[in-house]
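1. This is the structure alone, sequence omitted:
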Ligand code: HAM
């Protein structure tokens, strides 16, 4: 025997006993989003690499290290989608959706691919449900979008849920703030940890996450991006917060909230679950008013989020897997009756019943045990002397004509 082949590292099989819990979350997400006017969109599993390089941002970890990219003859480069926002924006442009009433509300439920170090809750292929509202910069779009994700996570009974929110302003505001923060960190370099000192040029914002006591003390006096927002961005953010408050959704303003993708402007947010451990992000997103231009379209505002289905499952109570209902199990006493039994089960299914016939070559006794285990409501037993129908709920069994079985179970 040769070596047994396994699923690639960081991937997983969705087995039948997990399919139901997923289906519940998916159905609830669909219901919540479609009630709010979101319509389903699905884009291809792979896209031109340039879409992500330009859309997600060349300096992000996702683009630098995590993309599964393959080159075709003739120099074309494609990438398995690491996220869904850039593809949905591409589709919006490609299909002239700016002609539709704005904002265009779109949702998706698909698999995504990132070459990350696999660990609990972090995979190389994972599922996301996502929602994008494109074409309006109204702060109510932001608040509505966040409320919808809250509703989905609450319906899934996600444990220890927290919402953190912030605003990044415009890219210009961010660039000058970054320079200001770098000047501040350099002025206090002596009290910072080596790690933070090494990253002043590359990623000064990381200093906000440090555990090092000296660094934490320095950061307490650090300038905050939120205090540097332009008045119109500040007003936008305040309106989003007021709408969330009015809707009764608790949040924490976290001025140090950083997201892993470059396209964000203004609102950013993340739902975390403390039940998850290190990979605590259940879902997150924000506004991306500059993304359309990055990928060659006219300036068009957008707002959205995505949430990992596996993370929702891990952070919510386990659901008991129930067996699918079975109205009729057709058993037969001898091989000569198999064809008749097969036909009865097929007819029953066509008539809309859940029906199965023995396909494993079991003895009659084995078939009856199987019917019981499968939770069949009725069992039809085809014998050489005629057909019997057993009501598994009452235990009552009686002889019937084979062609009246359906009539009896319908009653
Ligand atoms: P993201 O924060 O990169 O945002 O991913 C969103 C969610 O996907 C995370 O909160 C997490 O639940 C899940 N997720 C991400 N990576 C993994 C992984 N390796 N394994 C399992 N789950 C994962 C985005 O993808 C943006 N497109 C969200 C967005 C939409 N922003 C605006 N519109």
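-> Looks like it arrived, so ask away. Because the structure is predicted, anything quoted here is derived from the model rather than measured.
2. Per-residue pLDDT of residue 331, please?
-> At residue 331, the model reports a pLDDT of 97.
3. The one 4 residues further on too?
-> We have a pLDDT of 94 for residue 335.
4. what's around it, how many residues?
-> 8 (other C-beta atoms under 10 Å). (Glycine included, C-beta is placed from N, CA and C.)
5. can you give me the helices in this protein?
-> For the chain, helices defined by DSSP state H occupy the ranges 16-35, 49-55, 61-65, 85-94, 139-155, 171-187, 194-198, 213-220, 231-246, 291-294, 309-315, 338-350, 364-373, 405-410.
6. Would you format those as CSV with mean neighbour count, distance to residue 131 and mean pLDDT included?
-> Output for those, formatted as CSV (neighbours: other C-beta atoms under 10 Å; distance: least, C-beta to C-beta, whole Å; pLDDT from 0 to 100):
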stretch, mean neighbour count, distance to residue 131, mean pLDDT
helix 16-35, 16, 6, 95
helix 49-55, 20, 17, 97
helix 61-65, 15, 20, 92
helix 85-94, 22, 10, 98
helix 139-155, 22, 6, 98
helix 171-187, 15, 24, 95
helix 194-198, 14, 36, 92
helix 213-220, 16, 34, 95
helix 231-246, 16, 16, 98
helix 291-294, 20, 15, 97
helix 309-315, 22, 14, 97
helix 338-350, 16, 37, 97
helix 364-373, 15, 41, 96
helix 405-410, 16, 42, 91
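7. Same list, these, but as CSV with distance to residue 278 please.
-> Shown next, in CSV, are the helices of the chain (distance: least, C-beta to C-beta, whole Å):
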stretch, distance to residue 278
helix 16-35, 22
helix 49-55, 25
helix 61-65, 16
helix 85-94, 24
helix 139-155, 19
helix 171-187, 26
helix 194-198, 18
helix 213-220, 20
helix 231-246, 27
helix 291-294, 29
helix 309-315, 12
helix 338-350, 47
helix 364-373, 41
helix 405-410, 53
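8. Nearest to residue 390, out of the ones you listed?
-> Nearest to residue 390, of all the helices of the chain, is helix 364-373, at 8.5 Å by C-beta to C-beta.
9. Go ahead and measure how far that closest one is from the middle of the chain.
-> 40 Å (C-alpha atoms, centre = their mean, to the nearest Å).
10. Which elements pack onto it?
-> strand 326-332, strand 376-383 (3 or more C-beta pairs under 8 Å, 6 or more residues apart in numbering; DSSP states H and E).
11. Would you confirm that residue 87 contacts residue 46?
-> No: counting by C-beta atoms under 8 Å, residue 87 does not reach residue 46; the two are 9.6 Å apart.
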